[in-house]
Every structure is written in C-alpha cells, then in structure tokens.
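> What shape does this take:
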Amino acid sequence: MLRMGKLTDYGIVLMSYLASRTYQQHSAHTLSDAVNMPLPTVRKVLKALSHNGLLISERGAQGGYNLSRSPNKISIAEIITAIEGPIALTECVGEESHCELEPYCDVQTNWTRINNAVFHALDEVKLSDMLVPQASGVSPIHFYPEATLQNGELHA
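This is a model prediction of the structure:
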C-alpha cells in the first residue's frame with residue numbers, strides 16, 4: 001500500500017488552513033488550536049515547511065507564519081516533498097538507490113515512468129484546489145488539462 005506519513009497529512013491540513021486565511025500571520029499556538037493538533041507536532045511540521053521555502057516565518061510579538069506564495073502556486077507535490085523528501089515509489093527511482101538488482105533489472109525504466117506520472121499528477125494539484133469543497137461528485141481537481149498521450153508518452 002502506498003501511503004504518505006501522518007506528518008505530511010498534517011502539513012497539508014496546516015497549509016490548507018493557512019491558504020484559507022492569507023490575510024494574517026498565524027502563530028504555532030493559534031494553528032495548533034485551530035486544527036486540533038498537538039503543538040509539538042505543529043511546530044515540527046511548520047519547521048519543515050519553512051525550511052523548504054513554503055512558509056515565511058517572522059519572529060516577534062506580531063510575527064507568525066504565512067504562505068510564501070499564492071495557494072495556486074504551491075503544489076501538493078511540493079508539500080509532500082518538503083516533509084517526506086523526494087517522491088519515490090520504489091528504491092530504484094530514488095536519489096540514493098542501494099538495490100543490488102538494479103544493474104540487472106528490466107523494469108526499472110517503467111518504475112521511473114510510473115514514478116514520474118505520480119509526481120506530475122501530484123504537482124498538478126494545487127493547494128488552492130484543496131480549499132474547494134467537493135459537491136455532487138464533481139472534483140475541482142483536473143489532471144493534465146492540456147496534456148495528450150502519444151505513443152504511450154504524456155506530452156503537455
């Protein structure tokens with residue numbers, strides 16, 4: 001089963017909350033209360049998101065956290081990568097592969113293609129898409145709106 005970690009899920013929840021309230025700074029305490037998450041967890045997630053350039057943090061009495069860019073310019077892939085590291089479905093498509101079968105593997109190229117497809121799908125979903133409620137089975141998320149499939153390859 002493919003599953004992202006809880007911290008990544010919490011990161012998307014926090015980023016969505018911040019995206020819905022971009023007009024003000026948010027302290028870790030107020031975020032913790034607003035999304036019902038333990039303060040140490042909120043601080044850990046905020047640190048990772050800030051370190052990876054998705055949040056701006058300002059110290060001081062009037063300080064706090066806010067998005068570094070507009071919600072429609074931040075992808076879900078960026079949030080996942082900020083917390084989990086590079087998206088890699090198998091070891092051989094990661095940056096540091098230690099698989100001893102890699103030199104003899106006939107399916108590695110296909111895993112790379114699959115990994116790229118998953119990454120691009122997640123990259124198409126923007127933080128702003130997460131703010132739109134899903135009504136009547138219609139999803140606000142549209143994958144590859146201008147892409148075409150040619151000879152098994154996706155072209156944007």
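> any idea where the strands of this structure begin and end?
55-58, 64-67, 148-150, 153-155 (DSSP state E).
> Show me where the chain has its helices.
Under the criterion DSSP state H, the chain contains helices at 6-19, 28-35, 39-51, 76-84, 108-124.
> elements contacting the third one?
When you say that, I think you mean helix 39-51. With contacts taken as 3 or more CB pairs under 8 Å, 6 or more residues apart in numbering; DSSP states H and E, helix 39-51 sits against helix 6-19, helix 28-35, strand 55-58, helix 76-84. The way it works is simple: take the backbone N, C-alpha and C, and place the C-beta from them, glycine included.
> Can I get stretch 35-48 in CSV, CA atoms only?
The C-alpha trace of stretch 35-48 is given here as CSV (Å, rounded to 0.1, in the frame of the first residue of the first chain):
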residue,chain,number,x,y,z
VAL,A,35,-6.7,22.5,13.5
ASN,A,36,-6.8,20.5,16.8
MET,A,37,-3.2,19.2,16.5
PRO,A,38,-0.7,18.9,19.3
LEU,A,39,1.6,22.0,19.5
PRO,A,40,4.9,20.0,19.2
THR,A,41,3.6,18.3,16.0
VAL,A,42,2.5,21.7,14.6
ARG,A,43,6.0,23.1,15.3
LYS,A,44,7.8,20.2,13.7
VAL,A,45,5.7,20.4,10.5
LEU,A,46,5.9,24.2,10.4
LYS,A,47,9.7,24.0,10.7
ALA,A,48,9.9,21.5,7.7
